[in-house]
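> Have a look at this prediction, sequence included:
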Amino acid sequence: MSAGQTQDLNPLINQRGVGNFWDLSDPKYLVLASSISTSRRSYPHTVPSILQVFLILLAPESPRWLVSKGREAEALRTLAYYHADGNEDDPLVRYEFEEIRAAIEFDKTVASNVGYKSLFTTKGNLKRMRIIIAIAFFSQWSGNGLPSYYLNRILTRIGITRDFDQLLINGILAIWNLCWALFASFMVERAGRRFLFITSCCGMLLFWTIQTICFARTEITGQPQAGYALIAFMFLFFAAYDIAFSPLIVSYTVEILPYALRAKGFNVFQFTVSLAIIFNQYVNPVALDALVWKYYIVYCCWLVFELAYCYLFVIETKGLTLEETAALFDGEEATGHVAGAGHAAETKEATMDVKQDSGSISEKT
């Protein structure tokens, strides 16, 4: 829910950018967790939860939810407060309000019974779900699950056995991931979602293949240099992963879902991620012990599939509002309906401004 709420409350110009930062909590808090995990006291771990209990009381309602419940005056007031310093007559606020209202009216006409079944009943929703479920699996099955969960085991296999060295590499990797994820978050609106996903898959495939070769050389010949090279290319692999799958998997999921299905679609995304993590935790360690470097070849093949899938099915949403993006999957009629309402509000506002200006001129005359 927090992902959708984050984008709902931000102005249009910041909506996508703020959404891209939502999923950066993983690398950011990995750094924090590694710093306090050795603390003998338990209270540092309770402070974030206590803060959440009180801060959640300050969170406003989503304007889209308010419109869906018929509380349009409150929705307009919320939009004006966060997007125009309280000015309910601001043209941008009126445009956003009419667009949200039109999108929710359209959602009600195409989905009278909105349930989980409706996620898979229309052509547009099937397009959405095949992307959402795929990127949920890709976010965990791109090979990142091995070093994320079993880095110490991999480092031991290549000859790095000191606890301090392993902890140092782990900490630097977390900071490295955070830096690349932040960089990618600023690049999303410039480069576009589709470009970043495809570039990420290409980079991961390249660097994972080189890691496989280095791992094989280490196991076969025992050369420590190959092990050091594996670490270097592991960092490059995570840089490639971070440019798309750190900032985009949550924000892109929220972007392509219509309001009525946004919470349910995101639940499916989270459930799919959980299934993928179960595989990572119960299959990966067994396969890694049995196959060692040969198991890396499995992910090489999988990354080829990921690249092809993203190239064929990921749709660009750059420069579109949440309503326009959702309507993009439902055909030209839906797109025209939603965009038309917004443009109508904009035209009405412009007409009122012209009339006011004309009245002022007449009075002066």
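Noted; the coordinates are in hand. Numbers count the residues shown, from 1 in each chain.

> Local confidence estimate at Asp90?
The pLDDT attached to Asp90 in the predicted structure is 86.

> Any regions of the stretch 51-200 of the chain where pLDDT drops low?
Low-confidence segments of the stretch 51-200 of the chain, defined by pLDDT under 70, span residues 107-114.

> Let me see the ranges of the helices in it.
Counting by DSSP state H, counting those that start in this stretch, the segments of the stretch 51-200 of the chain that form helices are 63-68, 72-83, 91-110, 123-141, 145-157, 163-191, 193-221.

> for those, which one sits closest to Ile50?
Across the helices of the stretch 51-200 of the chain, Ile50 has its closest neighbour in helix 163-191 (24.5 Å, CB to CB). Placement of C-beta: from N, CA and C, glycine included.

> Any buried residues in that closest one, and which?
For helix 163-191, a neighbour-count test (16 or more other CB atoms under 10 Å) marks 166, 169-170, 173-174, 176-178, 180-182, 184-185, 187-188 as buried.

> That one packs against which elements?
Using 3 or more CB pairs under 8 Å, 6 or more residues apart in numbering; DSSP states H and E as the contact criterion, the elements in contact with helix 163-191 are helix 12-20, helix 25-36, helix 145-157, helix 193-221, helix 224-242.

> May I see these organised as TSV, with distance to Ala136 and mean neighbour count added?
Rendered in TSV, the data for the helices and strands packed on helix 163-191 read as follows (distance: least, CB to CB, whole Å; neighbours: other CB atoms under 10 Å):
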stretch	distance to Ala136	mean neighbour count
helix 12-20	17	18
helix 25-36	14	14
helix 145-157	13	18
helix 193-221	13	20
helix 224-242	15	20
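
> Tell me which of these approaches Ala260 most closely.
Judged by CB to CB, the one of these that comes nearest to Ala260 is helix 12-20, at 18.8 Å.

> Just the mean pLDDT for that closest one, thanks.
Across helix 12-20, the per-residue pLDDT values average to 54.

> Skipping adjacent residues, who's closest to Tyr299 in space?
For Tyr299, ignoring the flanking residues on the chain, the nearest one in space by CB to CB, 6 or more residues apart in numbering is Gly143 at 4.0 Å.

> Pretty sure Leu76 is one of the things Glu88 touches, is it not?
Yes - checked against CB atoms under 8 Å, the pair Glu88 and Leu76 is within contact range at 5.6 Å.

> Looking at these two now, which is surrounded by more residues?
Leu76 (21 against 14; other CB atoms under 10 Å).

> Need the residue closest to the centroid of this protein.
With distances taken as CA atoms, centre = their mean, the residue of the chain nearest its centroid is Val250 (2.4 Å).

> Now do the same contact list for Ala287.
With contact taken as CB atoms under 8 Å, 6 or more residues apart in numbering, Ala287 is in contact with Tyr295, Val298.
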